[in-house]
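Novice: model the structure of this input:
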Amino acid sequence: AMAGLVKIVARWYQNNVGRELMKYGLKLDDVRNDWHPDVDTAISRLTPEELSNRNKRLKRAMDLSLKHSELNHDIQETIKPFDHYLELDRVRAERLERLMAK
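Specialist: Now for the predicted structure:
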């Protein structure tokens, strides 16, 4: 029963996060803490196009936020906030592998 409740709350939370990201045209990977070594490494491996797209999304989101505005709802519907582009699983596995090799 408790596991079912946790799943319901988790789904509700994920939907809310997704809606907030969509308002600004962001993806979840855009708002990850880039001070974390794994995130920083994953960002450094992006293609120039991927990095440019990420930076454009972040700039647009800051602009919208400063203007107390959000994207048009038609545009929001095209945003897929949980499409990941950072290879965090691979970076994390490589880091753990290096630690285990020591």
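Novice: going forward, measure contacts between C-alpha atoms and count neighbours the same way
Specialist: OK.
Novice: how about the helices in the chain?
Specialist: 2-24, 37-44, 48-66, 73-76, 88-101 (DSSP state H).
Novice: Throw the ones you listed into a markdown table and include distance to F82, thanks.
Specialist: Compiled in a markdown table, those are given as follows (distance: least, C-alpha to C-alpha, whole Å):
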| stretch | distance to F82 |
| --- | --- |
| helix 2-24 | 7 |
| helix 37-44 | 16 |
| helix 48-66 | 14 |
| helix 73-76 | 13 |
| helix 88-101 | 13 |
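Novice: what's the closest of the ones you listed to D30?
Specialist: helix 48-66 (6.4 Å; C-alpha to C-alpha).
Novice: that closest one to helix 37-44, inter-axis angle?
Specialist: 110 degrees (axes from the mean of the first three to the mean of the last three C-alpha atoms, to 10 degrees).
Novice: just put the helices of the chain in JSON lines and tack on mean neighbour count.
Specialist: Below are these laid out as JSON lines (neighbours: other C-alpha atoms under 10 Å):
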{"stretch": "helix 2-24", "mean neighbour count": "14"}
{"stretch": "helix 37-44", "mean neighbour count": "17"}
{"stretch": "helix 48-66", "mean neighbour count": "14"}
{"stretch": "helix 73-76", "mean neighbour count": "12"}
{"stretch": "helix 88-101", "mean neighbour count": "12"}
